[in-house]
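In: I'll drop the sequence and a predicted model, then ask my questions.
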Amino acid sequence: MTTTNTKNITIIGGTGYAGSAIAREAVARGHKVTVVSRNGTAEPIANVNYVASPVAQAGASVAGADVVVGALSPRAENAGTLRAAYGQLARQSADAGARLVLVGGFSCLRRTAGGPRILDSEGLPSEVPAEVVAEAQENLDVLNDLLADTSGLDWLFVSPGLEFSAWSPGEDLGRYRIGDDVALFDESGKSAISGVDYARAVVDEIENPTRHRAQIGVAY
């Protein structure tokens, strides 16, 4: 698929699971894609421009973008840095007049409209490693900062279904459902989305925005 509304898209953390899927989908549709990552990649996607740079020095790549996608994982060397990194990215995107689209987390969603966030109300099961709980909290801190933003930044926080990871990549079903901040489940009570279909939803929203300054959920 190609689009006549070509956009300059900068993806921060675009070599990971979600970021690389979004980059592949966007470039396949004819968008100009720049991926910024700390260490580059051993498996580059054709026609994607790769910039090896820490997030703190990504300003030049953000300045020329129509849309900035944040796909950082709050783990390993990034642990504990996500809130500050995305805070900087939000300021840079606002200065550039770019839309900011962030890959969020499932536990930032709600079970019911107006109810508490899943992480706040339920926490995560006791068997979940402490570092995963910390990652979920970092994502929620980022969302809360966006909700409190007064700059007028055009942002979107896109939470995938519960089953969404490189360890469970799923299949390209060519479909998805999109909701607000209430978690989506299918008729069997499952909440899942493949990387390919999540990327499709993100790029669809980039091309034809339906929501602004909002959190959305994507699942089957």
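Out: Thanks, I have the structure now.

In: count the residues that sit near residue 132.
Out: Applying other CB atoms under 10 Å, we find 14 residues neighbouring residue 132. Bear in mind the C-beta positions are built from the backbone N, C-alpha and C, glycine included.

In: how close does it sit to residue 77?
Out: Residue 132 sits 16 Å away from residue 77 when distances are taken as CB to CB, to the nearest Å.

In: can you spell out which residues form a bridge with residue 68?
Out: When bridges are called by DSSP bridges, residue 68 pairs up with residue 10, residue 100.

In: what is the burial count for it?
Out: As a burial measure, residue 68 scores 27 neighbours (other CB under 10 Å).

In: same question, residue 32
Out: Applying other CB under 10 Å, we find 17 residues neighbouring residue 32.

In: is it true that it touches residue 5?
Out: No. Assessed by CB atoms under 8 Å, residue 32 is found out of contact with residue 5, at 11.9 Å.

In: flag the shaky bits of this structure, pLDDT-wise.
Out: Low-confidence segments of the chain, defined by pLDDT under 70: 1-4, 123-125, 127-128.

In: where along it do the strands fall?
Out: Ranges of strands in the chain, per DSSP state E, are 8-12, 32-37, 49-52, 67-70, 99-103, 155-160, 177-179, 214-219.

In: surely residue 87 meets residue 145?
Out: Yes. Counting by CB under 8 Å, residue 87 does reach residue 145; the two are 6.2 Å apart.

In: any common contacting residues for those two?
Out: Both residue 87 and residue 145 lack any common contact, where contact means CB atoms under 8 Å, 6 or more residues apart in numbering.

In: what about residue 76, distance to residue 131?
Out: For residue 76, the distance to residue 131 - CB to CB - is 9 Å.

In: and what of residue 180?
Out: From residue 180 to residue 131 the distance is 29 Å (CB to CB).

In: how about residue 218?
Out: 25 Å.

In: between those two, which one's more packed in?
Out: Legend: neighbour count by other CB under 10 Å for residue 218 and residue 131, higher for residue 218 (24 against 12).

In: helices and strands around the biggest helix by length in the chain, which ones?
Out: The helix that spans the most residues within the chain, counting by DSSP state H, is helix 130-147. In terms of contacts (3 or more CB pairs under 8 Å, 6 or more residues apart in numbering; DSSP states H and E), helix 130-147 is packed against helix 82-96, helix 118-121, strand 155-160.

In: buried deepest among these, which one?
Out: For the helices and strands packed on helix 130-147, the largest average neighbour count (mean count of other CB atoms under 10 Å) is found in strand 155-160, namely a mean of 25.
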